[in-house]
Structure formats: C-alpha cells, structure tokens
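In: have a look at this prediction, sequence included:
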Amino acid sequence: MSLPHPKTIDLDSFYSKTCFVIMPFGKKPSQDGKTIDFDQIYEQIIQTAVEDSGLQCIRCDRIGESGSIHADMIEHIYHCDVAIVDTTTLNPNVFYELGIRHALRKSVTILLGQANSHHPYNIRGLRLIQYDATNPDEYAQVTHNLKIFIQNGLNNPEKVDSPVYKYLSDLQVDRIHSERFLETKVFQYPLKALPNKSISLITGDIRDIKTCDIWVNSENTDMQMARYHEPSISGIIRYLGAIKGITGHVREDIIVDALSHYMQSAGEKNVLPGYVIPTTAGELTRSNHVQYIFHAASVEGTPGKGYRTIDQLDLCVTNALHLADSDEMSEQECRSILFPLMGTGKGREKLAIEVGVRQLINAAIQYMQQYRSSKIDHIYFLASTQSSLDACQAFLQQTQAVTAPSAIGSHLPDFIESQPSVSNATPETQCLPVNDNLQPEA
C-alpha cells in the first residue's frame, strides 16, 4: 500500500539546520612546522560529526552554485545554526571570519585546533576541542566530542559563547531582507518581427509556476545537483521532482538519478561550460506541468578556489534553445521554456546583474530572430526580486527587438502586467537581424 503524497512541504524548514566550517583548505604547515592535511580533518572529523548530528555541513570551497565566494561566506557565517572554526595555523582569514561570527551570532560557535597550539590572548579563555592530526586513531573520540558540543549548543541556544555578546549583553543584530516577490505575475514582451513569439519576465516563487513546458536548471560543470535544503534553484527542482513519502522525506531521487545515468552512459564526469543536458522532470510533471528539466552548466569549479559563474552565460541560453529544437526533442510538444537569471544571484553588484541580464535576454532574442521556425514560442526569465525585475525591464525597454507588453497565447495566465512603451535601442543593445533562411540546428 503506497502512502499519499503530502500536499505542501515547507522547504525553508525541511532539513533546515546547517553548520558552516571555517578552516584552512588543503595541506598547510602547523605552528610546529609539521604539515597537516586539513581536508582530511574536515572529512574524517568535522563533516562526520556534523552530518551524524543531522546538520548540513558547508565549507565555502565546496559550494556548487554561482555567485561570489565572499558573499557566500558572509551569508553562511550569519545564517548557519552552528559554526566550527579550526584555529590551528593562526590563519588571518580564519580569525577574520571568526570575528564576524562572534559579532553576528551570540552562540553555537565551536573552536577546534591541533593539540599544544598557541593561540592569541583574545581567545585563550574560550573552550577549544583539541585533536592530534598525526594520530588518526583519536579521530573517533574527537568526532564524538564535537558531536556533544554541537548538540549542547543547539539545545541551549541562549547560552552565549561570543565575547562580543558576553560583554555587550543588550546587543542585537537585525537584517533587512531584500524583498522577494510572493505573487506570480507575467510581463510579456512580443518580438516586433515575430509577434507570436515573446520574451516574458515572470515573478514569484518558482514552485508556483505552472505555465512552462521546460525548466532550465542552473548547474555546475560536474552536473551535481544541490541538496534539497540548499537555497538554490537546483535544490528546489531536485526536491520537487522527487517522489516523497507522507512526511516529506525523499523516497526516489528521480531527477538526480536521471542526470547521473546520463553522465554515466556518456562516460563523462563533467561537461564543458554552457553545455546542456535534458532529463525527466519527475514529479514536476504532475505538480507543475513541466515536461523536461534542462541542466545548463553555468558554474565551473576550480580546485582550492570554489565555484564561479562561467564567462559566456549566453551559451546556456543558446544551447538550451538549440536542444529544444533538436531531433532529440522533435516529437515533444514543448512551446515554452523558463530560465533562471543565472549568474545574477546573491552577492552580485548592480552592474554585474545588469551585465548578466543583458547576456541572457539578448541571447534569447537573437536565437528567436535567427531561428524563426523554432518551436519555442515563449521564453520566460524568472525575476524573483525587485532588483532583478528592474534590471530585466530596463534592458527590454532599451532594445528595439520587442514591443510593449501584451497578452499573447492562451496558455498564459490572465494577470499579464503592462509596462510603458519601450524606447529606441542603443547600438550596444541591438540584436542580430532576422534571417529567413536559417533553420534550427539538430
């Protein structure tokens, strides 16, 4: 007897506890001159203790999503329920991040370090879990001790371990969150040369969108999807596409399994930047009427430096549209596609967002103009915040390729929003001229 599917799951609270790890990466000399493999310390002690405690373990160099590594660092230092800090090498970056944590969070910051290491005066009074990096036989005991510290901290969140809050007991840190759209609205811009085709901006939560045949997932070149509880499009798509039990726990990881099978069948461990792979949409077909997920390699990793957005984001758009028009998809009735604003996420400055938006939307317009017989009629871009919507609208108002918004297509929602008439384009925003002879490539 199969259990019924839950009607709603709060993804923000599901698997919500997280731990951010602040430490050196790779092999580094300790204070006594001996080399310590800190990746081994992370994997065999810290990560084991954290995950055994039921938390997601996060280290900045292993975050597989786009955006600034510095922005990710600050976000996790502030948001994570637990922070573990290895002070062994007296690394200034580690102490800088420890200072930020102590300023932002009053509790559950755990210090870890090589036995017999010397520490600055300002932290000598703080409790420290010691380990001997040269004696792996002791790792299990250190892991056990770390788990006790984690659980005690989570069970007593009001117990202050930050010197800042200890001496400034009335201190409070409040954050003003950037406004995210709650309502789903569509701003549709028909193409002047092809009025039955359009570029559309859609606001709100991706979980509420049920009008697009294909969803594009912003992925890394290793094609490894984010975990369910990570605040990313990849994690949300993975979770929504999975088969879940009545409690919301995943029973069958459909989209990840399909993506892994594709990579294994191809005999590849990673793909080139901009490459796009199609998979099933799993349960999203039932819940959101999505036919396919296109996984676009918009982020690439560098050993020791983490992940970064690829330079040519437009490749993700162009390759996804080529795939939709390919022989592989020839029997499918897919007329619409949804793109996230890849490379414009948290931590990006206004100019970087504007440049990313221009790359993505201009690539979509150019493709439609070049391949007039494309079966894709409606290209959507997800604008989840006011700043991203403003950047998209500003670009579309500059280009001569589109007209003022209007409702075209019976599959679109009834709440199409109108915007002021678009103005003339500058030379930099002109798109390629229409070529009647071009056909979609296979």
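Out: On my side now, so go ahead. Please read all numbers here as calculations on a predicted model, not as lab measurements.
In: please pull out the lowest mean pLDDT helix or strand from the chain.
Out: When the helices and strands of the chain are scored by mean pLDDT, DSSP states H and E, strand 306-309 comes last with a mean of 77.
In: and that one, how far out from the chain's middle?
Out: The chain centre lies 11 Å from the centre of strand 306-309; the measure is CA atoms, centre = their mean, to the nearest Å.
In: and after it, which helix or strand comes next?
Out: helix 314-324 (DSSP states H and E).
In: point out where this structure drops to low pLDDT.
Out: Along the chain, segments meeting pLDDT under 70 span 1-16, 62-69, 174-179, 303-306, 345-352, 406-442.
In: what about the longest helix in it?
Out: With secondary structure taken from DSSP state H, the chain has its longest helix at helix 350-370.
In: by contact count, what packs against that helix?
Out: In terms of contacts (3 or more CB pairs under 8 Å, 6 or more residues apart in numbering; DSSP states H and E), helix 350-370 is packed against strand 198-203, helix 314-324, strand 378-383, helix 386-398. The C-beta positions use only the backbone N, C-alpha and C, and glycine is treated the same way.
In: could I get those as CSV with mean neighbour count?
Out: Below are these laid out as CSV (neighbours: other CB atoms under 10 Å):
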stretch, mean neighbour count
strand 198-203, 24
helix 314-324, 23
strand 378-383, 25
helix 386-398, 19
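In: to Val108, which of those lies closest?
Out: Comparing these by their distance to Val108 (CB to CB), the top pick is helix 386-398, with 31.8 Å.
In: how far does the closest one sit from its chain's centre?
Out: With CA atoms, centre = their mean as the basis, helix 386-398 stands 21 Å off its chain's centre.
In: stretch 190-205 now?
Out: Relative to its parent chain, stretch 190-205 has a centroid offset of 25 Å by CA atoms, centre = their mean.
In: can you give me the end-to-end span of that stretch?
Out: Stretch 190-205 has an end-to-end distance of 23 Å (CA to CA, to the nearest Å).
In: quick check: buried residues in the longest helix of the chain?
Out: Neighbour counts over helix 350-370 (16 or more other CB atoms under 10 Å) mark 353-370 as buried.
In: and what of stretch 181-190?
Out: Phe181, Thr184, Val186, Phe187, Gln188, Tyr189, Pro190.
In: show me where the stretch 151-300 of the chain has its strands.
Out: In the stretch 151-300 of the chain, the segments counted as strands under DSSP state E, counting those that start in this stretch are 186-190, 198-203, 214-220, 243-244, 250-252, 276-280, 292-302.
In: check the gap between Glu230 and Ser169 for me.
Out: To Ser169, Glu230 is 34 Å away according to CB to CB, to the nearest Å.
In: with adjacent residues omitted, what lies nearest to Tyr189?
Out: In this structure, Tyr189 finds its nearest non-sequential neighbour in Val402, 3.9 Å apart by CB to CB, 6 or more residues apart in numbering.
In: starting from the least confident helix or strand of the chain, tell me which strands it pairs with and how they run.
Out: Strand pairing for strand 306-309, determined by DSSP bridges: strand 292-302 (antiparallel).
In: just give me how far the strand it pairs with sits from the chain centre.
Out: With CA atoms, centre = their mean, you get 11 Å for strand 292-302.
In: helices or strands up against whichever strand or helix holds Leu111?
Out: According to DSSP H and E, Leu111 maps onto strand 109-114. Applying 3+ CB pairs under 8 Å, 6+ apart, one finds that strand 109-114 contacts strand 82-86, helix 92-104, strand 128-131, helix 139-155.
In: tell me the most buried of the ones you listed?
Out: The highest mean neighbour count among the helices and strands packed on strand 109-114, using mean count of other CB atoms under 10 Å, belongs to strand 82-86: a mean of 25.
In: okay, that strand in CSV with CA atoms only?
Out: Taking Å, rounded to 0.1, in the frame of the first residue of the first chain, the C-alpha atoms of strand 82-86 are listed here in CSV:
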residue,chain,number,x,y,z
VAL,A,82,26.4,26.2,14.0
ALA,A,83,29.9,27.4,13.1
ILE,A,84,33.0,25.3,13.6
VAL,A,85,36.3,27.2,13.5
ASP,A,86,39.8,25.5,13.2
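In: other residues contacting that strand?
Out: Outside strand 82-86, the residues that touch it by CB atoms under 8 Å, 6 or more residues apart in numbering are 17-24, 38, 41, 46, 50, 55, 77, 94, 97-98, 101, 105, 108-113, 146, 150, 153-154.
In: direction included, what does that strand pair up with?
Out: Here strand 82-86 has these sheet partners by DSSP bridges: strand 18-22 (parallel), strand 109-114 (parallel).
In: with mean neighbour count added, can I get those strands in a markdown table?
Out: Formatted as a markdown table, the strands paired with strand 82-86 follow (neighbours: other CB under 10 Å):
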| stretch | mean neighbour count |
| --- | --- |
| strand 18-22 | 24 |
| strand 109-114 | 22 |
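In: out of those strands, the one nearest Gln398 is which?
Out: Checked against CB to CB, the stretch from these lying closest is strand 18-22, at 40.3 Å.
In: skipping adjacent residues, who's closest to the residue nearest to the spatial centre of the chain in space?
Out: Nearest to the geometric centre of the chain sits Ser232, at 3.4 Å (CA atoms, centre = their mean). Distance criterion CB to CB, 6+ apart; nearest residue to Ser232, sequence neighbours excluded, is Ala226 at 4.6 Å.
In: re earlier: need the helices and strands packed on helix 350-370 in CSV (columns: distance to Thr221).
Out: Output for the helices and strands packed on helix 350-370, formatted as CSV (distance: least, CB to CB, whole Å):
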stretch, distance to Thr221
strand 198-203, 27
helix 314-324, 11
strand 378-383, 22
helix 386-398, 24
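In: any idea how far Gln397 is from Tyr121?
Out: Counting by CB to CB - Gln397 and Tyr121 are separated by 58 Å.
In: I should have written Gly274 there, sorry.
Out: Taking CB to CB, one finds Gly274 at 51 Å from Tyr121.
In: what's the answer for Gly153, then?
Out: In terms of CB to CB, Gly153 sits 24 Å off from Tyr121.
In: Leu389 contacts Phe395, doesn't it?
Out: No. With contacts counted by CB atoms under 8 Å, Leu389 stays clear of Phe395, the gap being 11.1 Å.
In: circling back: Gly274 and Tyr121: which is more packed in?
Out: Gly274 (21 against 6; other CB atoms under 10 Å).
In: what pairs with the closest residue to Ala115 other than its chain neighbours across the strands?
Out: Counting by CB to CB, 6+ apart, Gln130 is the residue found nearest to Ala115 once chain neighbours are left out, at 4.3 Å. As for beta bridges, Gln130 partners with Gly113 under DSSP bridges.
In: great, nothing more from me.
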